[in-house]
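Engineer: sequence first, predicted coordinates after that:
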Amino acid sequence: MEPTVRRCSIASFRLVAGALVAAGALGGLGCGTSHNDGYGATPGDASTGATDTGMQTFGGPDGGSPDGPTFGNQGDAEPIGPVSTCANGGATTVSGTVYDPAGKNPLYNIAVFVPSTTPSAFTSGASCETCAQLYTGNPVASALTDATGKFTMTGVPAGASVPLVIQIGKWRKQMTIPVTACQDNPQPDKSLTLPSSHTAGDIPNIAISTGNSDTLECLLARIGVEESEYTGGATGPGRLHIYQGGSLISVIAGGAAPNTTPAGPASSASLWDTDADIMQYDLVLLSCEGIEAQSANQQVLFDYASAGGRVFASHFHYSWFNTGPFGVENLATWTTGVNGIGNVNATMVTTLPNGQPFPKGVAMQQWLGNVGALTNGELPIQDGKHNSDVSASNTASQGWLVADSSSQAPGATQYFSFNTPVNAVNACGRVVYSDMHVGGASGDMPSKGVPQECNIVDLSPQEKALEFMLFDLSSCVTPNSQPPTPPPATPQ
């Protein structure tokens, strides 16, 4: 094979993910050097079976998201090249397990891919994006994690610093890893996690309305998002924007909802008051206030979800959906009030209303078993509620968890979702309604304020289910009848 001659550029050497690598020659050669490509093997290397393919590397100035360390392929950068041809049908693969930001629970449906160009920066806010539009960077190899959080990606280019992206929705981390040709390259356990801060990667822009009966804001803390990400209201560098829920009635009933210092504004005045205020967020989390939300502008939340927004609503926030523009959509049979049913065991829904398999429901059951959340195959829930029932007649909705036959309300839906616009062919938003509280088993102390109130302990069983919901809510929207697929990859 003729040697490859690389051209020199001002970006021939770059600091990527904390390590100085040669962007023009990952094999460690300098500008203007004539050399074989050196991606872990030389032509005809008998020890690996690799064949040199003239692969080229990332170069050019950093690009992509401003939220964390990135790698680039802009300006005079050269494209990544084809994978090595291996003897005896061998392949170059990368395998591993992807964890939540805390590095505790492995995660399902995380895309892992090698980009050939710099992934595009995200634009915050509700938007109708397909999976292909979210997973940018022209992948040359890709995979998805399974219900155990594991993946194996084939057809990976080899090299000393191969770019790697792990992503679900707008959660994304970019890094480089060494890859040796014609063998598996297992990644060290706990080395692949979603980012815990916006300086380590991309985190969705999330609005959280607090409540005096639940602490959804603490779910984010317990899955590993750093305290520095919490900020009051729309301003500030953090990605978790706190708004104070509640009203005078709820304050009298159960005390003021927790807030940041300096205090975030009221949800009714600055979050769900206008389309302009809510549309800037990728996700909106609504913690139970112990009473139906006051001054709830139902049309604003409907507009947000229909535009591609993601909503996580807990217990008393049924009041957004049982009347108003959502109310005419026949999403569920609703029961108002506290309607507590005590401690219950829930079973996972693994079929669609038409009786066909529900792939994500099957995966959730497997995942909950893998993370130790199940007892005798069921999910124990503390202080369950019964405010919704989803049946086959509620065609837009999909149940995920229901109370078992031994509960006070057998079959009571504990968690369901629907895609938005409701019944649209190309839905791009999603809403989750949950009758499970985070605070039901957490030991949080709301009087301390956000996020100091949060008890940083291992997730309870029901919180593990909520973690699954949160990341599924973040993912790109696909039909319930179809299993997720990895980002399309075009081998070079």
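Structural biologist: All right, it came through fine.
Engineer: what segments of the stretch 201-350 of the chain are strands?
Structural biologist: Under the criterion DSSP state E, counting those that start in this stretch, the stretch 201-350 of the chain contains strands at 206-209, 230-232, 240-243, 283-286, 310-314, 333-334, 340-348.
Engineer: outline the domain layout of this protein.
Structural biologist: Following automatic domain parsing, one finds the domains of the chain at 4-186, 225-230+290-474.
Engineer: export those domains to CSV and append columns for mean pLDDT and distance to Ser213.
Structural biologist: From N, CA and C alone the C-beta is placed, and that goes for glycine too. CSV is the format used below for these (pLDDT from 0 to 100; distance: least, Cβ to Cβ, whole Å):
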stretch, mean pLDDT, distance to Ser213
domain 4-186, 69, 25
domain 225-230+290-474, 94, 4
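Engineer: rewinding a little: now the strands of the stretch 201-350 of the chain as CSV including distance to Ser196?
Structural biologist: What follows is the strands of the stretch 201-350 of the chain, written out as CSV (distance: least, Cβ to Cβ, whole Å):
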stretch, distance to Ser196
strand 206-209, 14
strand 230-232, 13
strand 240-243, 12
strand 283-286, 17
strand 310-314, 20
strand 333-334, 37
strand 340-348, 29
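Engineer: same list (these) but as a markdown table, adding distance to Ser407 and mean neighbour count.
Structural biologist: Compiled in a markdown table, those are given as follows (distance: least, Cβ to Cβ, whole Å; neighbours: other Cβ atoms under 10 Å):
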| stretch | distance to Ser407 | mean neighbour count |
| --- | --- | --- |
| strand 206-209 | 29 | 27 |
| strand 230-232 | 35 | 20 |
| strand 240-243 | 34 | 28 |
| strand 283-286 | 25 | 26 |
| strand 310-314 | 19 | 26 |
| strand 333-334 | 17 | 14 |
| strand 340-348 | 4 | 19 |
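Engineer: what is the burial count for the closest residue to Ala269 other than its chain neighbours?
Structural biologist: Excluding the flanking residues, the one nearest Ala269 by Cβ to Cβ, 6 or more residues apart in numbering is Ser295, at 8.0 Å. Neighbours of Ser295 under the rule other Cβ atoms under 10 Å: 11.
Engineer: do the same with Gly90
Structural biologist: Around Gly90 there are 16 residues (other Cβ under 10 Å).
Engineer: so the closest residue to it other than its chain neighbours: helix, strand or coil?
Structural biologist: In space, and not counting its chain neighbours, Gly90 is closest to Cys182: 4.7 Å by Cβ to Cβ, 6+ apart. At Cys182 the chain is in coil, as set by DSSP: H, G, I helix; E, B strand; the rest coil.
Engineer: bridged to Glu379, which residues?
Structural biologist: For the record, residue 379 is Leu, not Glu. Ala346 (DSSP bridges).
Engineer: quick one, what contacts it?
Structural biologist: If you count contacts by Cβ atoms under 8 Å, 6 or more residues apart in numbering, Leu379 has them with 345-348, 368, 373, 401, 461-462, 465.
Engineer: Val450: which of these is nearest?
Structural biologist: Gln462 (20.9 Å; Cβ to Cβ).
Engineer: confirm that closest one sits in a helix?
Structural biologist: Yes: assessed with three-state DSSP, Gln462 lies in a helix.
Engineer: so it is in contact with Met436, correct?
Structural biologist: Yes: with contact defined as Cβ atoms under 8 Å, Gln462 reaches Met436; the gap is 4.8 Å.
Engineer: what do those two both touch?
Structural biologist: In contact with both Gln462 and Met436: Ile381, using Cβ under 8 Å, 6+ apart.
Engineer: need the helices for the protein, in chain order.
Structural biologist: Per DSSP state H, the chain carries helices over the ranges 131-134, 216-222, 248-254, 267-270, 275-278, 298-306, 324-327, 359-370, 461-474.
Engineer: pLDDT averaged over the second one, what's the number?
Structural biologist: Per-residue pLDDT values over helix 216-222 give a mean of 96.
Engineer: that one packs against which elements?
Structural biologist: Here helix 216-222 touches strand 206-209, strand 240-243, strand 283-286, helix 461-474, going by 3 or more Cβ pairs under 8 Å, 6 or more residues apart in numbering; DSSP states H and E.
Engineer: 7 Å instead, please
Structural biologist: helix 461-474 (3 or more Cβ pairs under 7 Å, 6 or more residues apart in numbering; DSSP states H and E).
Engineer: mind checking how far the helix it packs on is from the chain centre?
Structural biologist: 10 Å (Cα atoms, centre = their mean, to the nearest Å).
Engineer: next one: stretch 103-114
Structural biologist: 9 Å.
Engineer: how long is that stretch from one end to the other?
Structural biologist: End-to-end distance for stretch 103-114, by Cα to Cα, to the nearest Å: 22 Å.
Engineer: repeat for stretch 256-271
Structural biologist: Stretch 256-271: ends 18 Å apart by Cα to Cα.
Engineer: same thing with stretch 155-171?
Structural biologist: Span of stretch 155-171 from end to end, Cα to Cα: 24 Å.
Engineer: for that stretch, buried residues please.
Structural biologist: 155-171 (16 or more other Cβ atoms under 10 Å).
Engineer: so which of the residues you listed are in strands?
Structural biologist: 159-168, 171 (DSSP state E).
Engineer: can you report how many residues neighbour Gly411?
Structural biologist: 15.
Engineer: ok, now which ones touch the residue nearest to it when sequence neighbours are not counted?
Structural biologist: Nearest residue to Gly411, sequence neighbours excluded (Cβ to Cβ, 6+ apart): Val402, at 5.2 Å. For Val402, the contacting residues are 346-347, 349, 411-414, by Cβ atoms under 7 Å, 6 or more residues apart in numbering.
Engineer: now for those, which pair is the farthest apart?
Structural biologist: The farthest-apart pair in the contacts of Val402, when distances are taken by Cβ to Cβ, is Val349 and Ala412, at 12.3 Å.
Engineer: export stretch 296-315 to PDB, keeping only CA atoms.
Structural biologist: Provided in PDB are the C-alpha atoms of stretch 296-315 (Å, rounded to 0.1, in the frame of the first residue of the first chain):
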ATOM      1  CA  ALA A 296     -53.600  26.300  35.300                       C
ATOM      2  CA  ASN A 297     -53.600  27.500  31.800                       C
ATOM      3  CA  GLN A 298     -54.500  24.200  30.100                       C
ATOM      4  CA  GLN A 299     -54.200  25.600  26.600                       C
ATOM      5  CA  VAL A 300     -50.600  26.500  27.200                       C
ATOM      6  CA  LEU A 301     -49.600  23.000  28.300                       C
ATOM      7  CA  PHE A 302     -51.600  21.600  25.400                       C
ATOM      8  CA  ASP A 303     -49.800  23.900  22.900                       C
ATOM      9  CA  TYR A 304     -46.400  23.000  24.400                       C
ATOM     10  CA  ALA A 305     -46.900  19.200  24.200                       C
ATOM     11  CA  SER A 306     -48.400  19.500  20.700                       C
ATOM     12  CA  ALA A 307     -45.300  21.400  19.600                       C
ATOM     13  CA  GLY A 308     -43.000  18.600  20.600                       C
ATOM     14  CA  GLY A 309     -42.600  19.300  24.300                       C
ATOM     15  CA  ARG A 310     -42.200  16.600  27.000                       C
ATOM     16  CA  VAL A 311     -44.300  16.600  30.100                       C
ATOM     17  CA  PHE A 312     -44.000  14.500  33.300                       C
ATOM     18  CA  ALA A 313     -47.000  15.100  35.500                       C
ATOM     19  CA  SER A 314     -47.500  13.700  39.100                       C
ATOM     20  CA  HIS A 315     -50.800  12.800  40.800                       C
END
